[in-house]
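Asks: sequence plus the predicted model coming up.
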2 protein chains.
Amino acid sequence: MPEHGVANAEVLRRITAARPELITVARAGDVVPGMDDRTILTSGAPLTWPEYTGGQRRAILYAAVHEGLATSTEDAADLLDRGELRVRSTQQHSCIGSVAGIYTSSMPVLVVRDRTSGSTAYCNLYEGKSRRRLNYGTYDEEVATGLRWLASTCAPVLAEALELHGPVDLVPIMARALRLGDELHSRNTGATLLLQQELTTSLFAVAQRPGRAEPVREVLEFLQQNDYTFLRVAMAAAKATADAGHGVAGSTVVTGMALNCREFAIRVSGLGDTWWRGEFPDLEGRFFEGFSEADAEWLGGESCVTETIGLGGFAQAAAPTLMDYQGGSFATMVANQTAMYGITVGEHPDFRVPALDFRGTPVGIDVLRVVETGVTPVIDGGLAGRAGGQIGAGVLRTRMQAFARAADAWHEQQRVSTNEVRTTALTTPGGTS
Amino acid sequence: MPEHGVANAEVLRRITAARPELITVARAGDVVPGMDDRTILTSGAPLTWPEYTGGQRRAILYAAVHEGLATSTEDAADLLDRGELRVRSTQQHSCIGSVAGIYTSSMPVLVVRDRTSGSTAYCNLYEGKSRRRLNYGTYDEEVATGLRWLASTCAPVLAEALELHGPVDLVPIMARALRLGDELHSRNTGATLLLQQELTTSLFAVAQRPGRAEPVREVLEFLQQNDYTFLRVAMAAAKATADAGHGVAGSTVVTGMALNCREFAIRVSGLGDTWWRGEFPDLEGRFFEGFSEADAEWLGGESCVTETIGLGGFAQAAAPTLMDYQGGSFATMVANQTAMYGITVGEHPDFRVPALDFRGTPVGIDVLRVVETGVTPVIDGGLAGRAGGQIGAGVLRTRMQAFARAADAWHEQQRVSTNEVRTTALTTPGGTS
């Protein structure tokens, strides 16, 4: 086995040994490392404030208004220009963003900890199935009311239920969800049902407390109406898992993929915290009625962290129902997933696809194999519109640039370290190598 | 179109137009037509009491003891011998039996009514996942306690919740379940989750009533632990649907399939209430650890009513997870389902299989096509053991005899009615045909 093979095997071991647990729901400002009241987090490899454009920029400004940090979006822009508010990448704070992925300190976040490694990640709550959502660059009274309900009603109820329940072991739920037609990126119906079932008796106990019946009823209704709820849990679980696999010297395995409004970027286990940036993915999408590709806009997005741990596009043969949502045929979905075995370092022992006779999903994207084979990762994803809101869904086919840059950097690192070894050997008194 | 084609199209229309709704849960003696306190119902084409053997006979005797009609199984046998207790077929009372399918008057039943035709059917409640169940021919204090809990706690809670909720429209739940990996015979996990979700807010409201919190909590826990719960609902829905399709003159479509301890039998829409009897199916099963084919016994069973409406074995490509339970490969499952298109008269407009690019399931088994093609229906099923309890699961491949007998009877009926027409013509004064 080449040296990077040993390192990659270690990353695979860490990723597949991860046992993420949903611990609680808490205020971002109280639990997210480095978060403060004047910080706004957003998806993707870090950019400076002036670099944020379009819907992602708009979402950041709206966030400042929603948080009460600015009186208007103009005021928010001034404060950000002057550095009195700061915008940071979710990735710099162990968070993971859906689409624009906006976090302010008052927002509630799901807290997921990997029992094996201790790695902890955070994801904020799903805003519901309305196409109008802050994370899709939209803000109005409806959006604001929804966000306030999440913070004032939903989060406390979930936190109380989780306190009674104890940590929710997520791998069993996620593994079962693949048997219920989910791939845990664009389809989460099964996992959402399982999480509801898991928490029902605890929610029921919370409802017996004085004054808590009505808030619990509201949360139950929200869960009932929103099949996507689990995605945020899956994202936090995937982030905690990918982070557990990050930082293994010499490894060429991808431990993060993320979009901002300017680029797609990846992070590699053995290449430190650098994000290797490249062009946007190609889009093979299906647009909701009344929208076309011309309406699409890149607003950022990190739900593709699920693909880094063998879910989403890498488990799409588990979720043929997605054809209804994003087009295609089952044969194409099987072919898409099957192609991913050629660029990954292993198969997941727990995430298995019934229709592939329970073969484990491909896991651990190897940038060297991506470059060698010319096959890039596929991502299941939602599509955002220029005017805000979700306008479709589809398969994103990532492009080579980010992977090629990472592979080049890894080769350069190897060259340098080999030279260092040589240099060390040569300069060590008595060195005879 | 031949005349029976028109009749079969009418049966298909009735079956696919059915809109079964779960109305309530009630005491069998109060709602099942013709049921009385000294009657025991059991699965399959009717037999006389002395004909019942093995586990099915044992289950009938246990039922008499459980109901307090007899002091022992010996006493029960005496009473049945003397006609002081009577045993009847579920089919004679619009009921549908799982395995031995035992009904006594005190047992609660699900009441399902087809909104389109008004046809109503009944199924008793799932006893839980223990291998020891009365319907598998087992009876002891554990089984008795479980049955008492269903009658005293589970049924009233469900009835109260259903009263608050109103009728539960089942086709949408069943159609969604096919997207959640169910085929609604041997796999019901998705539908059980959906039913729970549907009833949760009503259950929650029941729990607010004085003294009802604890019973509701118990029911929630039962549902949480028993993925099979929905099967009984699916069976009642399928029975109401199949009955809606029964009785169309000239039709060759199967409207019932049932097992008792002696034979497999079918009912045909245009052939009245006669059951056409034949040999047991062949078994392609997977046995639970410690059991083999030698341990298997036929105890009866009517859950194959689901196959008559395009579910179960006829929808198995929707449920690849069943491989884990009953063996096989996904390719075999697809081939099994695909073969059923050759012996059915249509495709279901609502029951669609994602992995077959949303093709509707084959529905309306035509006995003439079965005989012509030599292809017999496949059934997903549980396997019962001689010593009682469930010992495995598998695909039952029905044999030709019952279908051949029904086809012969239909041909005979056609011949007779043609002769009658001729005779009528010849004897009518001035007849010139």
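Replies: Arrived safely, thanks for sending. Numbers count the residues shown, from 1 in each chain, chains lettered A, B, ... in the order given.
Asks: near chain B, which residues of chain A?
Replies: A:179-181, A:189-190, A:193-194, A:196-198, A:200-201, A:204, A:207-208, A:213, A:216-217, A:220-221, A:223-224, A:320-321, A:323-324, A:329-330, A:354-358 (C-beta under 8 Å from any C-beta of the partner chain). In short, each C-beta sits where N, CA and C put it, glycine included.
Asks: in the worst-scoring helix or strand of chain A on mean pLDDT, what counts as buried?
Replies: Every helix and strand in chain A was compared by mean pLDDT, DSSP states H and E; the lowest is helix A:323-326, with a mean of 78. If you call a residue buried by 16 or more other C-beta atoms under 10 Å in any protein chain shown, then helix A:323-326 has these buried ones: A:323, A:325-326.
Asks: next: stretch A:104-120.
Replies: A:104-115, A:117, A:119-120.
Asks: that stretch: end-to-end distance?
Replies: 19 Å (C-alpha to C-alpha, to the nearest Å).
Asks: sorry, back to before: what is the nearest of the buried residues of helix A:323-326 to chain B?
Replies: Among the buried residues of helix A:323-326, A:Met323 lies closest to chain B (C-beta to the nearest C-beta), at 6.8 Å.
Asks: next up, the contacts around the closest one.
Replies: A:329-330, A:333, B:354, B:357-358 (C-beta atoms under 8 Å, 6 or more residues apart in numbering or on different chains).
Asks: contacts for stretch A:354-361?
Replies: Contacts for stretch A:354-361 (C-beta under 8 Å, 6+ apart): A:178-179, A:310-311, A:314-315, A:317-318, A:320, A:334, A:337, A:346-353, B:181, B:320-321, B:323-324, B:329-330, B:355.
Asks: the residues you listed, buried ones only, as a PyMOL selection?
Replies: Here is the PyMOL command that selects the buried residues among the contacts of stretch A:354-361 (16+ other C-beta under 10 Å):
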select buried, (chain A and resi 178+179+310+311+314+315+317+318+320+334+337+346+347+348+351+352+353) or (chain B and resi 181+320+321+323+330+355)
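Asks: of the contacts of stretch A:354-361, which belong to strands?
Replies: Taking DSSP state E, the ones among the contacts of stretch A:354-361 that sit in strands are A:346-353.
Asks: greatest separation within these: which pair is it?
Replies: A:Gly346 and A:Val353 (14.8 Å; C-beta to C-beta).
Asks: can I assume A:Gly394 is in contact with A:Leu383?
Replies: Yes: assessed by C-beta atoms under 8 Å, A:Gly394 is found in contact with A:Leu383 at 6.1 Å.
Asks: overlap in contacts, the two.
Replies: Residues touching both A:Gly394 and A:Leu383 by C-beta under 8 Å, 6+ apart: A:283, A:285.
Asks: helices - which of the buried residues of stretch A:104-120 land there?
Replies: Among these, DSSP state H puts none in helices.
Asks: what's the closest of those residues to A:Asp273?
Replies: A:Ser119 (14.5 Å).
Asks: next structured bit after the helix or strand encompassing A:Leu368?
Replies: Taking DSSP states H and E as the definition, one finds A:Leu368 inside helix A:367-373. As assigned by DSSP H and E, the chain's next helix or strand after helix A:367-373 is strand A:378-385.
Asks: quick check, nearest of the contacts of A:Met323 to B:Val233?
Replies: B:Pro354 (21.8 Å).
Asks: tally of neighbours for the closest one?
Replies: B:Pro354 has 23 neighbours, counted by other C-beta atoms under 10 Å in any protein chain shown.
Asks: same check, this time on A:Glu141
Replies: For A:Glu141, using other C-beta under 10 Å, the count is 7.
Asks: output the contacting helices and strands for the lengthiest helix in chain A.
Replies: In chain A, assigned by DSSP H, the helix with the most residues is helix A:400-427. Contacts defined by 3 or more C-beta pairs under 8 Å, 6 or more residues apart in numbering or on different chains; DSSP states H and E place helix A:400-427 against strand A:264-268, strand A:276-278, helix A:367-373.
Asks: strand partners of the shortest one, parallel vs antiparallel please.
Replies: Sheet neighbours of strand A:276-278, with direction, are listed as strand A:264-268 (antiparallel) (DSSP bridges).
Asks: need the contact partners of the partner strand.
Replies: A:44-45, A:91, A:246, A:251-259, A:273-281, A:367, A:398-399, A:402-403, A:406, A:409-410.
Asks: in PyMOL, select just the buried ones from these.
Replies: Applying 16+ other C-beta under 10 Å to those, the buried members can be selected in PyMOL as follows:
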select buried, chain A and resi 44+45+91+246+251+252+253+254+255+256+257+258+259+275+276+277+278+281+367+398+402+403+406+409+410
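Asks: with adjacent residues omitted, what lies nearest to A:Arg352?
Replies: A:Phe358 (4.4 Å; C-beta to C-beta, 6 or more residues apart in numbering or on different chains).
Asks: neighbours of that neighbour, how many?
Replies: For A:Phe358, using other C-beta under 10 Å, the count is 16.
Asks: for it, give its distance to B:Val353.
Replies: From A:Phe358 across to B:Val353, the span is 19 Å (C-beta to C-beta, to the nearest Å).
Asks: my read: A:Leu110 touches A:Tyr126, true?
Replies: No: contact criterion C-beta under 8 Å: A:Leu110 and A:Tyr126 do not qualify, at 9.8 Å.
Asks: what do those two both touch?
Replies: A:Arg232.
Asks: average pLDDT for the helix or strand harbouring A:Gln56?
Replies: Taking DSSP H and E as the definition, A:Gln56 sits inside helix A:54-66. In this model, helix A:54-66 has a mean pLDDT of 97.
Asks: and whatever helix or strand comes next after it, average pLDDT?
Replies: Downstream of helix A:54-66, the first helix or strand assigned by DSSP H and E is helix A:73-81. Averaging pLDDT along helix A:73-81 gives 98.
Asks: go through the helix or strand just after helix A:73-81 and flag the buried ones.
Replies: With elements assigned by DSSP H and E, the helix or strand that comes after helix A:73-81 is strand A:86-89. Along strand A:86-89, these residues count as buried under the neighbour rule (16+ other C-beta under 10 Å): A:87-89.
Asks: quickly list the domain ranges of chain A.
Replies: A:3-235, A:247-407 (automatic domain parsing).
Asks: give me the below-cutoff pLDDT ranges for the stretch 1-150 of chain A.
Replies: Applying pLDDT under 70 to the stretch 1-150 of chain A flags residues A:1.
Asks: which single residue of it ends up nearest chain B?
Replies: Closest point on the stretch 1-150 of chain A to chain B, by C-beta to the nearest C-beta, is A:Lys129, at 15.0 Å.
Asks: what's the nearest residue to that residue if we skip its chain neighbours?
Replies: A:Asn226 (5.5 Å).
Asks: I'd say that neighbour and A:Glu127 touch.
Replies: No: applying C-beta under 8 Å, one finds A:Asn226 not in contact with A:Glu127, separated by 9.0 Å.
Asks: pick out whichever of these two has more residues nearby.
Replies: Set side by side, A:Asn226 and A:Glu127 show more neighbours around A:Glu127, with 21 against 18, by other C-beta under 10 Å.
Asks: helix, strand, or coil at that one?
Replies: coil (DSSP: H, G, I helix; E, B strand; the rest coil).
Asks: any idea how far it is from B:Ala404?
Replies: On the measure of C-beta to C-beta, A:Glu127 and B:Ala404 end up 61 Å apart.
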